[in-house]
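Novice: Using only what follows, build the 3D model:
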Amino acid sequence: MRSRKNRSAGGIGQWFRGRRKDPLLEVETPTSPERRRLWRTLAVAIPVILVVLVGAIWWVGLAAGRVLFTHNPRFTLRHLQIQASGPMITEAHVRDYLGISEGTNLFWVDIAAVREEFLRKTPSVKSMTINRRLPDTLEIQISERVAVARIGRFKPLGIDPEGFVYHLRAPSRDLPMIDGSYDANLRPGTQAGGMFRCALQVIEACRKGPYNPALRVESIDIANGEYLDLRLVNGERVRLAWEFMNENSDQSNRRLNAKLEQLSAVLRTTAGRGKRVAMADLTFNEDYVPVQEY
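Specialist: Numbers count the residues shown, from 1 in each chain. Just a heads-up that it's a prediction; the model follows:
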């Protein structure tokens, strides 16, 4: 029995040894240097293949874009429609500046770049929209800024309610003047703040409030920095300050309107006595208003 088991075990062992030596079942694995060479080859080949594929896709897309859009005669510009709301910018001005005319392909026009450049070089324009109406129309709409005051006595600069400064083609003497202080960086295309904003707040309140035309501002001197020195169209001088005047808030607007209502009442009361106001000081609280009459 023992000899049979030994022979049997020996036979199995010989069978396994024979299987390991069978050349048909042997697999040769790469050595470490060979594996490194393989990975180096793949590391170089894969990026090159990707670059070639991306370039091919880009070239195909570019060619397709030319055929379908930029070189397609169907999209030739035949109707250039320009609408400008304002007295300064005309259709001819827009055409000359943009260099766009009928016969151009619609998709040659870089809308974002054209709009950005036009707004940068034309501070008097508040907004500009450009739309393609396929197949042959380009629509341009321009909204100009509206000046509510002019800056200085001799500078042809206007300023809109938001404080944006730009050149006025023909300064109107009907516009109130803001004078007395200038920022070295205040130039066309910039936005004024500080006491300029306070002066604009007063001009807009007088223009829109129920006291108009009793309170018509001729000029505002902002040199003091703590109060505004107003001159009304009838010659009255008014020193004006209010709580929260350096804040752009509803609370500031309410305080200002209360001061202007008080000033309007002073003007009516003085006129009722047959006199006129030479100087009114509204820099104190609402219960005390020194007034000089004549």
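
Novice: does residue 276 really touch residue 269, like I thought?
Specialist: No - judged on C-beta atoms under 8 Å, residue 276 makes no contact with residue 269 at a distance of 11.5 Å. (Each C-beta comes from the backbone N, C-alpha and C, glycine too.)

Novice: Let me know how buried residue 232 is, in neighbour terms.
Specialist: Neighbourhood size, residue 232 [other C-beta atoms under 10 Å]: 20.

Novice: any idea which helix or strand of this structure has the worst average confidence?
Specialist: None of the helices or strands of the chain scores lower by mean pLDDT, DSSP states H and E than helix 2-20, at a mean of 49.

Novice: What residue spans form the domains of the protein?
Specialist: Domain ranges of the chain: 73-144, 149-293, per automatic domain parsing.

Novice: how about the strands of this structure, start to end?
Specialist: Assigned by DSSP state E, the strands in the chain fall at 79-85, 125-133, 137-144, 149-151, 157-159, 165-167, 177-179, 217-221, 228-232, 237-240, 277-282, 291-293.

Novice: The third one to strand 79-85, inter-axis angle?
Specialist: Here strand 137-144 runs at 10 degrees with respect to strand 79-85, directions being taken by axes from the mean of the first three to the mean of the last three C-alpha atoms, to 10 degrees.

Novice: Report the strands that pair with strand 137-144, each with its relative direction.
Specialist: Strand 137-144 sits in its sheet next to strand 79-85 (parallel), strand 125-133 (antiparallel), going by DSSP bridges.

Novice: want to try CSV for those, with distance to residue 237, mean pLDDT and mean neighbour count as columns?
Specialist: What follows is these, written out as CSV (distance: least, C-beta to C-beta, whole Å; pLDDT from 0 to 100; neighbours: other C-beta atoms under 10 Å):
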stretch, distance to residue 237, mean pLDDT, mean neighbour count
strand 79-85, 37, 89, 14
strand 125-133, 34, 93, 15
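
Novice: Using CSV, lay out these together with distance to residue 221.
Specialist: Formatted as CSV, those follow (distance: least, C-beta to C-beta, whole Å):
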stretch, distance to residue 221
strand 79-85, 33
strand 125-133, 28
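
Novice: for stretch 162-182, which positions count as buried?
Specialist: Residues 163-168, 171, 175-182 are the ones in stretch 162-182 that count as buried (16 or more other C-beta atoms under 10 Å).

Novice: for these, which one is nearest residue 225?
Specialist: Distance to residue 225, by C-beta to C-beta, is smallest for residue 181 among those, at 7.6 Å.

Novice: What pLDDT is listed against that closest one?
Specialist: Confidence at residue 181, expressed as pLDDT, is 70.

Novice: Who are the contact partners of it?
Specialist: Residues near residue 181 by C-beta atoms under 8 Å, 6 or more residues apart in numbering: 195, 222, 223, 225.

Novice: Next, find the distance separating the nearest residue to residue 242 once chain neighbours are set aside from residue 247.
Specialist: Nearest residue to residue 242, sequence neighbours excluded (C-beta to C-beta, 6 or more residues apart in numbering): residue 255, at 4.3 Å. The gap separating residue 255 from residue 247 is 10 Å, by C-beta to C-beta, to the nearest Å.

Novice: Please apply the same query to residue 118.
Specialist: Residue 118 sits 34 Å away from residue 247, going by C-beta to C-beta.
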